[in-house]
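Could you look at this predicted model? Sequence included:
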Amino acid sequence: MQSAIEVRALRKRFDVVDAVKGVDFSVARGEVLGFLGPNGAGKSTTMKMVTGYIPATSGTVSICGHDVARDPIKAKQHLGYLPEGAPLYGEMTPVSFLKFTGAIRRMSGADLSRRMGEVMADLQLEGVRHQRIDTLSKGFRRRVGLAQAILHDPDVLILDEPTDGLDPNQKRQVRQLIRNLAPTKSIIISTHLLEEVDAVCDRVLILDKGRIVLEGTPDDLHARAEGHNTVVVLVHRADTAKSTSALAGLPDVEVTHTDEGEITRISVRPKRRQPVAETVSGALRDAGVQILEIRTERGSLDEVFRSVTAAPVSMSVSQ
Ligand SMILES: Nc1ncnc2c1ncn2[C@@H]1O[C@H](COP(=O)(O)OP(=O)(O)OP(=O)(O)O)[C@@H](O)[C@H]1O
């Protein structure tokens with residue numbers, strides 16, 4: 001079956017800047033795809049081309065089977081878009097802005113009123129419904145932008161940094177809203193927040209300098225982290241020698257320990273990131289060690305992100 005979003009060999013050149021250098025991906029129904037990448041990686045430019053907001057230099061985008069360049073009206077009927085920074089009409093109120101957006105989307109009457117009620121409740125906008133948008137806080141303005149993106153209940157949502165400017169509670173609510181919408185839609189979000197990847201995304205593309213440099217599920221990304229599957233065990237300090245000699249015989253691991261008062265923390269790092277929790281607990285039990293706590297670490301996404309996007313640093317010494 002064709003995916004709801006199909007992107008092939010997409011490129012964008014602005015005068016002298018090659019912003020997007022040929023990206024291919026698709027998003028299935030029910031999937032949330034995250035765009036990650038440093039500033040200037042090409043995330044917003046890709047999103048603008050996917051929505052038809054700017055034309056591609058070359059390549060194609062299909063939304064629910066409609067080519068964005070050749071059949072823009074049909075494609076856009078299936079699309080909701082939250083642009084970066086979400087420029088809004090400052091002199092309007094959330095109510096008048098949503099009525100205006102609904103009219104553009106050919107919604108009216110009871111249908112529009114019902115949807116306006118639903119999205120204002122979902123995004124907690126009722127308290128400011130008649131306040132001018134240019135007097136709202138950044139978090140409220142972002143939520144008005146999100147409300148217009150989902151008003152017509154589109155199949156495809158393109159959300160450029162949807163939680164930017166929101167406080168931690170609002171971030172959580174918006175992530176929950178995205179998860180609630182996800183089963184019936186295809187969603188792309190861009191983010192600078194690595195915790196958002198675990199909270200919201202089913203799959204992630206890391207972009208750098210206009211290209212996709214890594215693609216995978218959040219679990220795939222964690223699995224590439226240096227400390228992935230490291231097992232941390234807490235034992236009584238009196239058991240330290242017994243524990244380290246029991247673990248010394250395990251293949252392909254590096255064992256270190258630190259004493260913390262009466263407790264010793266033992267860290268067993270698998271050299272090939274292989275799972276070792278069962279082997280570690282088995283070896284300690286066989287040696288008669290009482291395990292006070294044991295956990296497996298997933299590894300840091302931050303480190304994976306840095307390893308695939310860090311530009312080589314060249315240093316020069318000036319006299
Ligand atoms: N209208 C434009 N004219 C010229 N260059 C542009 C234009 N829009 C974007 N660019 C350039 O294209 C590149 C990609 O920018 P883009 O905004 O897509 O990156 P981004 O990954 O969204 O970055 P950020 O995380 O900072 O939002 C940058 O070098 C940017 O300066």
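Yep, that arrived.

C-alpha coordinates for the helix or strand bottoming out on mean pLDDT in the chain, PDB please?
The helix or strand of the chain with the poorest confidence is helix 301-309; it has a mean of 87 (mean pLDDT, DSSP states H and E). Taking Å, rounded to 0.1, in the frame of the first residue of the first chain, the C-alpha atoms of helix 301-309 are listed here in PDB:
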ATOM      1  CA  LEU A 301      20.800   9.900  22.200                       C
ATOM      2  CA  ASP A 302      22.800  13.100  22.700                       C
ATOM      3  CA  GLU A 303      26.000  11.200  22.100                       C
ATOM      4  CA  VAL A 304      24.600   9.500  19.000                       C
ATOM      5  CA  PHE A 305      23.400  12.800  17.700                       C
ATOM      6  CA  ARG A 306      26.800  14.400  18.200                       C
ATOM      7  CA  SER A 307      28.600  11.500  16.600                       C
ATOM      8  CA  VAL A 308      26.600  11.700  13.300                       C
ATOM      9  CA  THR A 309      26.300  15.500  13.000                       C
END
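
List the buried residues for that helix?
301, 304-305, 309 (16 or more other Cβ atoms under 10 Å). Yep, even glycine has a C-beta here, placed from its N, CA and C like the rest.

Now do the same for the closest residue to the ligand within the stretch 201-319 of the chain: its pLDDT.
Here the residue of the stretch 201-319 of the chain nearest the ligand is residue 207; by Cβ to the nearest ligand atom that distance is 6.4 Å. At residue 207, the model reports a pLDDT of 95.

can you check residue 140 too?
So residue 140 comes in at 87 (pLDDT).

From one end of stretch 211-222 to the other, what's the distance?
Start and end residues of stretch 211-222 are separated by 21 Å (Cα to Cα, to the nearest Å).

model confidence over it, on average?
Stretch 211-222 comes out at a mean pLDDT of 93.

picking up where we left off before, please see if the least confident helix or strand of the chain touches the ligand.
No - Helix 301-309 stays clear of the ligand (Cβ under 6 Å from any ligand atom), getting no nearer than 10.7 Å.

quick one: that helix to chain centroid distance?
Offset of helix 301-309 from its chain centre (Cα atoms, centre = their mean, to the nearest Å): 14 Å.

pLDDT weak spots in this structure?
Within the chain, the segments meeting pLDDT under 70 span 1, 86-87, 311-319.

Try it again at 50.
312-319 (pLDDT under 50).

Now do the domain split for this protein, please.
The record's domain parsing of the chain by automatic domain parsing lists 5-223, 231-296.

most packed of those domains?
Of all the domains of the chain, domain 5-223 has the most neighbours on average by mean count of other Cβ atoms under 10 Å, namely a mean of 18.

and the end-to-end length of it?
27 Å.

quick revisit: from the contact counts, what lies against the least confident helix or strand of the chain?
Counting contacts by 3 or more Cβ pairs under 8 Å, 6 or more residues apart in numbering; DSSP states H and E, helix 301-309 is packed against helix 194-200, strand 203-208, strand 211-216, helix 218-223.
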